[in-house]
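Visitor: model this:
(one chain, ligands or ions: 1)
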Amino acid sequence: MITAAVPNDDLMSAELLADPYPAMAALRESDRIHWSDAQRAWLVTRYDDVVEGFGNPLLSSDRVRPLLATMTDKQRQSAGRVMELLAGWMVVTDPPEHTRLRRLAANAFNPRRVAAMEGRIRGLVDDMLTRFIADGCTDLIADFSFPLPATVIAELLGAPPGDRDRFRHWSEDLAQVAFGAGGAGRPDRHERGMRGLQELLDYFEGLIEDARADPGGENMIAGLLEGDGKGNVLDLEETKAMLALMLFAGHETTTNLIATSTVRLLERPDQLALLREQPDLINQTVEETLRYEGAIRVLIRWVIEDFTWHGKEVRAGQRVFLLLGGANRDPAKFNDPDRLDITRKPNPHVAFGKGVHACIGAQLARVETRIALAAVFERLPGLRVAHQELKWTPSLASRALRSVHVEHDATQTRG
Ligand code: HEM
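Guide: Predicted coordinates:
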């Protein structure tokens, strides 16, 4: 058997940021469980292996607590409080702690509660697009897809309308602290991020008090406070941490999905025309853009016990990267996987993960993206991307465009 040469496996290289899919295809073919020196991690690219990875109890999500344990007293003083908050996020815990947190959070994301929010989300999307058009805005990310999910989350949590803009800034602070902690050359950004995070947590405490004073409310905080219906609830610190996680996990992901979906559809006029002819295809369109260019590139797991995986000796303490884009473009699972096809059905992509950590906000993200895309294409029929080359944010975790400068034909636009 001829083994194809192993491709560039540095996920942060300019080549793979611009287009990671050929390298993933080569890895799927030549080295399904691949040790990357560049990433110091195992790269997993086949659909079946990624799905197996989600269910393998030897691959742990608990990746903050071990870091906390190795911090010096000085490091703990500067970043420890935040790390403790992050360590309590269910996304970085394993069962049984994860099972408890997830059960207590489930009520906030109850499908009926999310469905009931559709009207409010539609109203917000309409208002934001009206402003986008009236103000002559041109950056679809900065002026629409970035502020939208933060505003939606603020609304869903019951924050007063005047406070919604603050959520955007807090979300940026949170990302700075969660991803940028300790980064060289940015001590004051980190400081600012920490101050912003503290402000956010204090703010959440106020919202929680308001929700407690008005039991039976409809917002998501009210849902969180109800707990599991058997008297078990999150304590105050856990509730604040859960709200911060919702803002963090639900903001940039949705921003990126709306932006990349818009761009990918504009690149495929046949698919866009089909969607305009058959608006009922909007759900399938969202699923297909999640598969084709999902918002998350890599999910990281820690190996907690040695095991052999398709002939490779995977060792305790090593990292495994589950590459969602590799799985979602695997020809063993999807016909003609590099083609965007909004009629694709079934579409069992893993853009929201799978197993115990599968995205708890998936329904909300779908509703938001569906409403946003439908409104953008309905109200801006002459929409075009103004720049030739797409610029991607250098991020391991996210598939994120930096900006999307658009032009629209004002004679056709429905303000
Ligand atoms: C396009 C948008 C989104 C994408 C692509 C996405 C993707 C994901 C993925 C892949 C996971 C699994 C993480 C893992 O296995 O380690 C996850 C988990 C999670 N997501 Fe999302 N997400 C999106 C939107 C949202 C929204 C809107 C919210 C809430 C407001 C949310 C909240 C969460 C939470 C809390 C978790 C942790 C679940 C757990 O650990 O049990 N996500 N998401």
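
Visitor: from here on, contacts and neighbour counts on C-alpha atoms
Guide: Will do.

Visitor: which residues does stretch 64-81 contact?
Guide: 83-84, 86-87, 92, 181 (Cα atoms under 8 Å, 6 or more residues apart in numbering).

Visitor: change it to 10 Å
Guide: For stretch 64-81, contacts defined as Cα atoms under 10 Å, 6 or more residues apart in numbering pick out 82-89, 92-93, 177, 181-182, 190-191, 194, 198.

Visitor: for the stretch 201-350 of the chain, which residue gets nearest to the ligand?
Guide: Gly250 (3.3 Å; Cα to the nearest ligand atom).

Visitor: surely that residue touches Phe146?
Guide: No. Under the criterion of Cα atoms under 10 Å, Gly250 makes no contact with Phe146, lying 11.1 Å away.

Visitor: let me see the ranges of the strands in this structure.
Guide: 33-36, 41-44, 59-60, 298-303, 307-309, 312-314, 319-323, 384-385, 406-407 (DSSP state E).

Visitor: list the contacts of the residue nearest to Pro331 when sequence neighbours are not counted.
Guide: Once flanking residues are discounted, Pro331 sits nearest to Pro337: 5.8 Å by Cα to Cα, 6 or more residues apart in numbering. Contacts for Pro337 (Cα under 10 Å, 6+ apart) come out as 291-292, 328-331.

Visitor: give me the pLDDT for Pro337.
Guide: As predicted, Pro337 sits at a pLDDT of 98.

Visitor: ok, which of the strands of the chain comes nearest Tyr203?
Guide: Closest approach to Tyr203 among these (Cα to Cα): strand 298-303, 30.1 Å.

Visitor: around the ligand, pick out the residues from the stretch 1-150 of the chain.
Guide: 90-91, 102 (Cα under 6 Å from any ligand atom).

Visitor: list just the nearest of these to Leu390.
Guide: When those are compared against Leu390 (criterion: Cα to Cα), the nearest one is Val91, at 30.5 Å.

Visitor: how many neighbours does the closest one have?
Guide: 20 (other Cα atoms under 10 Å).

Visitor: on that earlier part again, next, count neighbours for the residue of the stretch 201-350 of the chain closest to the ligand.
Guide: 22.

Visitor: who's in contact with it?
Guide: Contacts of Gly250 by Cα under 10 Å, 6+ apart are 149-150, 152-153, 171, 244, 359-362, 364-365.

Visitor: neighbour-wise, which of those residues leads?
Guide: So for the contacts of Gly250 (other Cα under 10 Å), the most neighbours sit at Pro149, 28 neighbours.

Visitor: sorry, back to before: closest to the ligand among the residues of the stretch 1-150 of the chain next to the ligand?
Guide: Val91 (3.2 Å).

Visitor: mind listing the helices for the stretch 251-400 of the chain?
Guide: For the stretch 251-400 of the chain, applying DSSP state H, counting those that start in this stretch gives helices covering 269-277, 282-292, 324-328, 362-379.

Visitor: and the third one, how far out from the chain middle?
Guide: Right, the one you point to is helix 324-328. 15 Å (Cα atoms, centre = their mean, to the nearest Å).

Visitor: and that helix, what does it pack onto?
Guide: helix 21-30, strand 41-44, helix 47-55, helix 282-292, strand 298-303 (3 or more Cα pairs under 10 Å, 6 or more residues apart in numbering; DSSP states H and E).

Visitor: that older thread, out of the contacts of stretch 64-81, which sit inside helices?
Guide: 82-87, 177, 190-191, 194, 198 (DSSP state H).

Visitor: check these and tell me the two furthest apart.
Guide: Ala87 and Glu191 (19.5 Å).

Visitor: the more surrounded of the two?
Guide: Ala87 (20 against 17).

Visitor: I figured the more buried one hits Asp62, correct?
Guide: Yes. Counting by Cα under 10 Å, Ala87 touches Asp62, with 7.9 Å between them.

Visitor: what touches both of those two?
Guide: Joint contacts of Ala87 and Asp62 (Cα under 10 Å, 6+ apart) are Thr93.

Visitor: with adjacent residues omitted, what lies nearest to Asp139?
Guide: Per Cα to Cα, 6+ apart, closest to Asp139 is His405, 4.5 Å.

Visitor: number of nearby residues for that neighbour?
Guide: For His405, the count of nearby residues is 17 (other Cα under 10 Å).

Visitor: show me what from the stretch 251-400 of the chain comes close to the ligand.
Guide: 253-254, 257, 294-296, 299, 351-353, 356-362, 364-365.

Visitor: centroid residue for this structure?
Guide: Thr253 (3.0 Å; Cα atoms, centre = their mean).

Visitor: tell me the contacts of that one?
Guide: 146, 149, 294-296, 365, 397-400.

Visitor: would you mark the buried spots in stretch 98-110?
Guide: Residues of stretch 98-110 classed as buried: 98, 101-102, 104-109 (neighbour count, 16 or more other Cα atoms under 10 Å).

Visitor: pLDDT added to those, as JSON lines?
Guide: Below are the buried residues of stretch 98-110 laid out as JSON lines (pLDDT from 0 to 100):
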{"residue": "His98", "pLDDT": "97"}
{"residue": "Leu101", "pLDDT": "97"}
{"residue": "Arg102", "pLDDT": "97"}
{"residue": "Leu104", "pLDDT": "95"}
{"residue": "Ala105", "pLDDT": "95"}
{"residue": "Ala106", "pLDDT": "93"}
{"residue": "Asn107", "pLDDT": "89"}
{"residue": "Ala108", "pLDDT": "90"}
{"residue": "Phe109", "pLDDT": "92"}
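
Visitor: out of these, who's nearest the ligand?
Guide: For those, the nearest to the ligand is Arg102 (5.6 Å; Cα to the nearest ligand atom).
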